[in-house]
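Asker: Have a look at this prediction, sequence included:
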Amino acid sequence: MSKKPIGLFDSGVGGTSIFRAIHSLLPFENTIYLADSKNAPYGEKSKEDIIALSKKNTELLLDFGCKLIVVACNTATTNAIKTLREKFTLPFIGIEPAIKPAALKTNSGTIGILATKGTLSSELFNSTFHQHASHLKVIEQVGEGIVELIENGQIYSKEMEELLESYMQPMISANIDYLVLGCTHYPYIIPMLRKLLPENVTIIDSGEAVARQTKNVLIQHDLLRTEENLNPKNEFYTNGKVSVLSEILNGDYPVTFKNF
């Protein structure tokens, strides 16, 4: 079982930020990544649609023989992971906005959250928010348009720059000192956010925490692969533009088109 791959899926290429964190911590693990770019962004869809797409992605990863599945999408996690855990028997790792560390560390008492509409309106997000940040001033911003630009290979476009500037200005005015990224696509815009935000603002994403949790769950289920002399196999599938996925991976990994 330990030689079987870790499966990851996202509404496109964003979850590769989670893959990078997992691969860095667990370099001997085989992985299979599904980029459901055809249906991106999930954040604008109904809960029922998100659950249906998440089930479909899970079933395909099960067909590939995955031993564990990382739902590398905040929107899919907050809307569908409970259903996935009820329906399927293998372990699931989810992604949530890192509200807790921001809430614990803020000095100004004001934090910003940039996330999709689907994440910000979910029950899981609201439960986490009230548990950790209800005493703080929180500036929530729906990142409308960001995922679409990333999926079209326009990360460093003028349109992206203008969009981010309009989203960050209210947060800067409110004196945030932490910005929580609530979508796995968003780590790829950190260089642009750094240019817009004051130096004292710390940007937090969930990648490293998810990687640590993945390792812990693999150990708990005796699924950790430790054969250091064997090269891992990392496979990437997309039903969108192969060139966009390949580019965001810097061409380091082979990408295959699969209509799913």
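Answerer: It's in. Just so it is clear, the model here is predicted, and its values are computed rather than measured. Residues are numbered from 1 along each chain as shown.

Asker: ok, and what's touching stretch 51-61?
Answerer: The contact list for stretch 51-61 (C-beta atoms under 8 Å, 6 or more residues apart in numbering) reads 7, 9, 11, 32, 34, 36, 39, 42, 45, 69, 71, 76, 79-81, 83-84, 87-88, 260. For every residue, glycine as well, the C-beta is placed using N, CA and C.

Asker: Sketch out the strands for the stretch 51-200 of the chain, chain order is fine.
Answerer: Remark: strands assigned in the stretch 51-200 of the chain by DSSP state E, counting those that start in this stretch are 68-71, 92-93, 110-115, 137-142, 178-182.

Asker: Dump those into a markdown table; add distance to residue 171 as well.
Answerer: Supplementary listing: the strands of the stretch 51-200 of the chain in a markdown table, determined by distance: least, C-beta to C-beta, whole Å:
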| stretch | distance to residue 171 |
| --- | --- |
| strand 68-71 | 27 |
| strand 92-93 | 29 |
| strand 110-115 | 4 |
| strand 137-142 | 5 |
| strand 178-182 | 7 |
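
Asker: Just put those in CSV and tack on mean pLDDT and mean neighbour count.
Answerer: Formatted as CSV, the strands of the stretch 51-200 of the chain follow (pLDDT from 0 to 100; neighbours: other C-beta atoms under 10 Å):
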stretch, mean pLDDT, mean neighbour count
strand 68-71, 98, 26
strand 92-93, 98, 21
strand 110-115, 98, 24
strand 137-142, 97, 18
strand 178-182, 97, 26
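
Asker: pLDDT of stretch 51-62, averaged?
Answerer: The pLDDT scores in stretch 51-62 average 98.

Asker: Among the contacts of stretch 51-61, which lie within helices?
Answerer: Among the contacts of stretch 51-61, the members falling in helices are 76, 79, 80, 81, 83, 84, 87 (criterion: DSSP state H).

Asker: Return the members of those residues classed as buried.
Answerer: Buried members of those, scored by 16 or more other C-beta atoms under 10 Å, are 76, 79, 80, 81, 83, 84.

Asker: from those residues, which single one is nearest residue 140?
Answerer: The closest of these to residue 140 turns out to be residue 79 (C-beta to C-beta; 16.9 Å).

Asker: Tell me which residues touch the residue lying closest to residue 207 once chain neighbours are set aside, please.
Answerer: The shortest distance from residue 207 to any residue other than its chain neighbours is 3.6 Å, reached at residue 21 (C-beta to C-beta, 6 or more residues apart in numbering). Residues counted as contacts of residue 21 (C-beta under 8 Å, 6+ apart) are 207, 208, 210, 211.

Asker: What score does residue 21 have for pLDDT?
Answerer: For residue 21, the model assigns a pLDDT of 96.

Asker: That one and residue 45, how far apart?
Answerer: Between residue 21 and residue 45 the distance, using C-beta to C-beta, to the nearest Å, works out to 26 Å.

Asker: same question, residue 58
Answerer: In this view, residue 58 and residue 45 are 17 Å apart by C-beta to C-beta.

Asker: Neighbour count: the two, which is higher?
Answerer: A count of neighbours by other C-beta atoms under 10 Å puts residue 58 above the other of residue 58 and residue 45, at 24 against 21.

Asker: Thought residue 242 was touching residue 35, still the case?
Answerer: No - here residue 35 does not reach residue 242: they are 9.5 Å apart, not a contact under C-beta atoms under 8 Å.
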